[in-house]
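Student: Sharing a model that was predicted from the sequence below.
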Amino acid sequence: MHEHKVTTERVGAFSDGMIAVIITLMALELKAPEDASIRAILALWQTLLSYGLSYLFIAIIWVNHHHLLRLVRYASPQLIWINFAHLFLVSLLPFTTAWMARTDLAPVPVAAYAAVFVLVNLAYLLFEREILYHAAVAEVSEQTRRLARRRTLLGLATFIAAGLTAPALPPLGFALICSALLLYLRPEIFSRPIAKRESRTPAHHSPNHFN
């Protein structure tokens, strides 16, 4: 019997739809002020800041997600379930974002917000390890694998520190979350080996990549 395999294109397409829904739900929490003045907008700075940070985080997730999926053609059953768990945790962001914004960055909501980042990062770590386990050495060098592991573990440690700091110092906890996101702004570390391989590929033969 022919074994049916799920391609990473299908996994990516499903993830795209879920992320679009999550962003929509988060955007619906933005309520325009009734007062037609600049002061009314400035009074919503916590809401706008929280939304902006969460939007950036989801954008980073999407970009890194697609860079990783390019490394393998088929998704293992473990990868599919890890992806479901990862998206479920990401779907908690609209709730914690709204809670944190409505309470003016209060300690407990900021700590809960950081906790969601920790859980999302843990799921991403499993997702990343599953991808790299099945990726060929020619696709991702050992040096790149070590760099990816260190980056993810450092991000996880920073998110944990933010969660532990937030109950006492919410602004510092929020700042730590922002600093952790900076680690993921360059997902192209996974593309360098692919670019080298493409440069060695004849022009009439183009490898099948997921865009």
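Tutor: Looks like it arrived, so ask away. Residues are numbered from 1 along each chain as shown.
Student: and the longest helix for the protein?
Tutor: helix 107-134 (DSSP state H).
Student: So which residues of the chain form strands?
Tutor: 6-7, 74-75 (DSSP state E).
Student: could I get the ones you listed as a markdown table with mean pLDDT, mean neighbour count and distance to Ser91?
Tutor: (Each C-beta comes from the backbone N, C-alpha and C, glycine too.) Formatted as a markdown table, the strands of the chain follow (pLDDT from 0 to 100; neighbours: other Cβ atoms under 10 Å; distance: least, Cβ to Cβ, whole Å):
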| stretch | mean pLDDT | mean neighbour count | distance to Ser91 |
| --- | --- | --- | --- |
| strand 6-7 | 88 | 14 | 21 |
| strand 74-75 | 90 | 18 | 20 |
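Student: between those, which one is nearest to Phe95?
Tutor: strand 74-75 (28.0 Å; Cβ to Cβ).
Student: Who are the packing partners of that closest one?
Tutor: Under the contact criterion of 3 or more Cβ pairs under 8 Å, 6 or more residues apart in numbering; DSSP states H and E, strand 74-75 touches strand 6-7, helix 8-27.
Student: ok, that strand: who's next to it in the sheet?
Tutor: strand 6-7 (antiparallel) (DSSP bridges).
Student: what does the partner strand rub up against?
Tutor: Strand 6-7 is touched from outside by Arg73, Tyr74, Ala75, Ile80, with contacts defined as Cβ atoms under 8 Å, 6 or more residues apart in numbering.
Student: now, among those, which is nearest to Gly17?
Tutor: Distances from Gly17 to the contacts of strand 6-7, taken by Cβ to Cβ, are shortest for Ile80, at 14.9 Å.
Student: What distance do you get for Ala135 to Trp81?
Tutor: Separation of Ala135 from Trp81 (Cβ to Cβ, to the nearest Å) stands at 19 Å.
Student: center of this structure, which residue is that?
Tutor: Ile61 (2.2 Å; Cα atoms, centre = their mean).
Student: At which residues are the helices of this protein located?
Tutor: Using DSSP H, helices in the chain cover 8-27, 38-42, 45-69, 77-90, 93-102, 107-134, 142-165, 170-181, 192-199.
Student: Tell me the buried residues in the fourth one?
Tutor: Applying a neighbour-count criterion of 16 or more other Cβ atoms under 10 Å, the buried positions in helix 77-90 are Leu79, Ile82, Asn83, His86, Leu87, Leu89, Val90.
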